[in-house]
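Peer 1: below is the structure, and that's it, no one-letter string:
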């Protein structure tokens with residue numbers, strides 16, 4: 001089974017997509033990566049879903065990536081003594097540390113770390129930004145505000161503080177427990193919420209100890225401002241447009257998305273575009289035209305993956321949502337303009353190593369000769385990511401004897417992942433390339449393959465060889481040395 005597209009689809013699992021039959025249907029419809037949202041459900045729930053994913057993986061013989069999305073710290077107001085309160089634009093309202101129930105004049109904000117960094121003029125956003133307040137006076141235990149956009153405030157609504165870097169760790173106690181559970185259970189990627197600085201990512205990496213790759217969610221202005229440093233210490237990025245659109249002007253989000261996607265591509269690190277992509281399909285079997293255009297835009301930009309959240313986790317039409325994503329992706333990638341856009345944004349930065357040069361050469365040879373596919377052998381995933389960065393016109397067959405690496409590469413643009421036996425000689429790489437290309441119908445005996453690898457084998461970061469080989473099964477039985 002192979003995908004006839006390059007961009008990958010991430011599907012979130014939840015109440016609407018828990019059983020193995022539904023997960024298999026989502027995979028068959030086009031899901032390449034499954035997301036476990038640690039904000040909802042118990043460890044037992046997530047373990048059952050993970051086991052179902054691995055059962056589907058065994059049935060299909062295709063490596064499947066599993067992404068555990070950590071909740072991150074949640075900043076919330078306290079409770080109100082007499083139910084919800086209506087805040088009027090222009091009125092004054094206080095947040096403080098007093099645990100007494102709130103009223104129309106004040107409410108507890110049980111986060112002294114917020115008061116420690118607030119300044120006059122800082123904004124406080126409540127309930128996903130529906131209510132907005134500006135700080136007029138503040139101290140270590142209070143903030144007197146004026147309401148700039150009114151609305152109904154009620155118990156434990158979330159609070160965003162976009163104008164300051166909060167002295168809050170990206171990992172709460174719950175996140176640490178969830179991280180350890182996810183790593184022990186065998187997830188492939190960890191999505192880190194509430195990232196504000198590169199040190200947040202470093203902390204998560206130390207806790208993961210190589211058991212999962214780290215994907216940083218960009219959802220706060222502070223993360224945008226130091227994105228280059230965050231990208232350096234991350235294995236991948238998620239453009240989490242939901243919270244980003246709350247904390248920043250909504251019109252600023254599209255250009256930020258474009259810049260982040262391009263930066264990730266130049267760094268050869270996968271990037272997911274997420275949030276509200278087909279949101280109407282939670283209730284409707286058909287998306288809006290604007291949603292389809294939004295998905296298409298992310299694909300034209302060169303994103304590695306597009307993500308479904310509630311659409312597949314709790315919606316009425318989870319399989320149809322994945323099918324829609326797949327159809328949009330195939331339509332975009334068959335458009336000649338897509339190739340023009342992708343190739344014009346290729347860039348020449350960060351291509352300074354032998355491995356970089358081999359990936360570029362593979363793409364250039366594929367563009368000028370009769371090449372059916374690029375077969376990239378990898379020990380750590382680097383060779384595959386470098387090949388994918390070039391966005392070649394031919395398929396990429398990612399090959400490794402490391403199952404965990406192939407699962408992680410399932411998130412990478414264009415990578416058709418194939419598990420191989422351990423290899424010791426380059427001739428074995430040629431044989432396995434031919435077998436994979438023919439099994440998955442990438443090529444017949446009349447076509448050629450490009451094979452890139454590192455010799456000696458089983459050494460990460462050693463990509464140093466490129467060979468063009470016929471996809472001729474007679475080569476499988478030859479006994480001559482390399």
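Peer 2: Here it is on my side, so go on. Keep in mind that this is a model prediction, so the values were computed, not measured.
Peer 1: make it CA atoms for all contacts and neighbour counts henceforth
Peer 2: Fine.
Peer 1: residues in contact with stretch 136-155?
Peer 2: 77-80, 83-97, 112, 115-116, 118-121, 126-127, 130-135 (C-alpha atoms under 8 Å, 6 or more residues apart in numbering).
Peer 1: can you tell me the closest non-neighbouring residue to residue 182?
Peer 2: residue 68 (6.6 Å; C-alpha to C-alpha, 6 or more residues apart in numbering).
Peer 1: could you say what helices and strands the least confident helix or strand in the chain by mean pLDDT packs with?
Peer 2: Least confident element among the helices and strands of the chain, by mean pLDDT, DSSP states H and E: helix 241-247 (a mean of 91). Contacts defined by 3 or more C-alpha pairs under 8 Å, 6 or more residues apart in numbering; DSSP states H and E place helix 241-247 against helix 253-266.
Peer 1: so what strands line up beside the next helix or strand after the helix it packs on?
Peer 2: Using DSSP states H and E, the next helix or strand after helix 253-266 towards the C-terminus is strand 271-274. If you go by DSSP bridges, strand 271-274 pairs up with strand 236-240 (parallel), strand 305-308 (parallel).
Peer 1: any chance of those in a markdown table with mean neighbour count, distance to residue 151 and mean pLDDT as columns?
Peer 2: Formatted as a markdown table, the strands paired with strand 271-274 follow (neighbours: other C-alpha atoms under 10 Å; distance: least, C-alpha to C-alpha, whole Å; pLDDT from 0 to 100):
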| stretch | mean neighbour count | distance to residue 151 | mean pLDDT |
| --- | --- | --- | --- |
| strand 236-240 | 25 | 25 | 97 |
| strand 305-308 | 26 | 29 | 98 |
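Peer 1: ok, back up a step: is it true that the residue nearest to residue 182 touches residue 187?
Peer 2: Yes: between residue 68 and residue 187 there is a contact under C-alpha atoms under 8 Å: 6.6 Å.
Peer 1: what segments of the stretch 151-300 of the chain are strands?
Peer 2: Ranges of strands within the stretch 151-300 of the chain are 151-153, 159-160, 189-192, 213-218, 236-240, 271-274, based on DSSP state E, counting those that start in this stretch.
Peer 1: any low-confidence regions in the protein?
Peer 2: For the chain, residues meeting the criterion pLDDT under 70 lie at 348-350, 478-482.
Peer 1: quick one: contacts of the lengthiest helix in it?
Peer 2: For the chain, the helix with the greatest residue count under DSSP state H is helix 43-60. Contacting residues not belonging to helix 43-60 are listed as 1, 13, 18-20, 23-24, 34, 36, 63-64, 66, 178, 181, 185, 187 [C-alpha under 8 Å, 6+ apart].
Peer 1: tell me which element residue 98 is part of?
Peer 2: Going by DSSP H and E, residue 98 is not in any helix or strand.
Peer 1: where's it relative to residue 79, distance?
Peer 2: Computed as C-alpha to C-alpha, to the nearest Å, the residue 98 to residue 79 distance reads 11 Å.
Peer 1: buried stuff in the least confident helix or strand of the chain?
Peer 2: Neighbour counts using 16 or more other C-alpha atoms under 10 Å place 241, 243, 244, 245, 246, 247 of helix 241-247 among the buried residues.
Peer 1: again with stretch 337-356
Peer 2: For stretch 337-356, burial by neighbour count (16+ other C-alpha under 10 Å) applies to 338, 339, 342, 355, 356.
Peer 1: can you check stretch 360-369 too?
Peer 2: 360, 361, 362, 363, 366.
Peer 1: please apply the same query to stretch 41-51.
Peer 2: Judged by neighbour count using 16+ other C-alpha under 10 Å, the buried positions of stretch 41-51 are 46, 47, 49, 50.
Peer 1: quickly name whichever of these is closest to residue 6.
Peer 2: Nearest to residue 6 among the buried residues of stretch 41-51, counting by C-alpha to C-alpha, is residue 50 at 24.5 Å.
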